[in-house]
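**Student:** Give me a 3D structure for the following:
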Amino acid sequence: MARSQKRSVRKPSGGRYFTSIKKKKRDLARPPSLTMLGEQRKKNIRTRGGNRKIRLLAQKYANLTATDKKKSEKVEIVDVEENSANRDFARRKIITKGAIIETSKGKARVTSRPGQSGTVDAILI
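**Tutor:** Next up, the predicted model:
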């Protein structure tokens, strides 16, 4: 069965919404990329309108920005400490936006969406 980005079939009360509109190709959703810690792996996908999007499947390095110095540098990701999206993601070493990662320079928070942008950008905390 296809994943959809449409409204849920169920109401908050548990009842059903009945719709007169069928599923459309524009409503399709894709499974999450779940970017993992490891050697870099990317995947190019075609999006709506013929555009391209880079899915980052695994990454070992991050673009770290120190806000006080206003400089960015490429650093190695040592570990995924915490992930607010899902508590199991930290254990599985999955990187998403908002995740706290341990780098060679210290702890950092991920500010980019690796599955959408194809890079891991982080700010030192």
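**Student:** what element comes up after the helix or strand bottoming out on mean pLDDT in the chain heading to the C-terminus?
**Tutor:** In the chain, no helix or strand scores lower on mean pLDDT, DSSP states H and E than helix 114-117, which sits at a mean of 92. Toward the C-terminal end, the helix or strand that comes next after helix 114-117 (DSSP states H and E) is strand 121-124.
**Student:** got the buried residues for that following strand?
**Tutor:** Of all the residues in strand 121-124, those buried under the rule 16 or more other C-beta atoms under 10 Å are 121, 122, 124. Bear in mind the C-beta positions are built from the backbone N, C-alpha and C, glycine included.
**Student:** just stretch 6-15 next, same as before
**Tutor:** So stretch 6-15, judged by 16+ other C-beta under 10 Å, has zero buried residues.
**Student:** which residues sit against it?
**Tutor:** 16, 17, 23, 27 (C-beta atoms under 8 Å, 6 or more residues apart in numbering).
**Student:** And the least confident helix or strand of the chain, what's buried?
**Tutor:** Quick answer for helix 114-117 (16+ other C-beta under 10 Å): 114, 115.
**Student:** Tell me which residue of the protein is furthest from the middle?
**Tutor:** residue 20 (33.3 Å; C-alpha atoms, centre = their mean).
**Student:** if I pick that one, what's in contact with it?
**Tutor:** Residue 20 neighbours (C-beta under 8 Å, 6+ apart): none.
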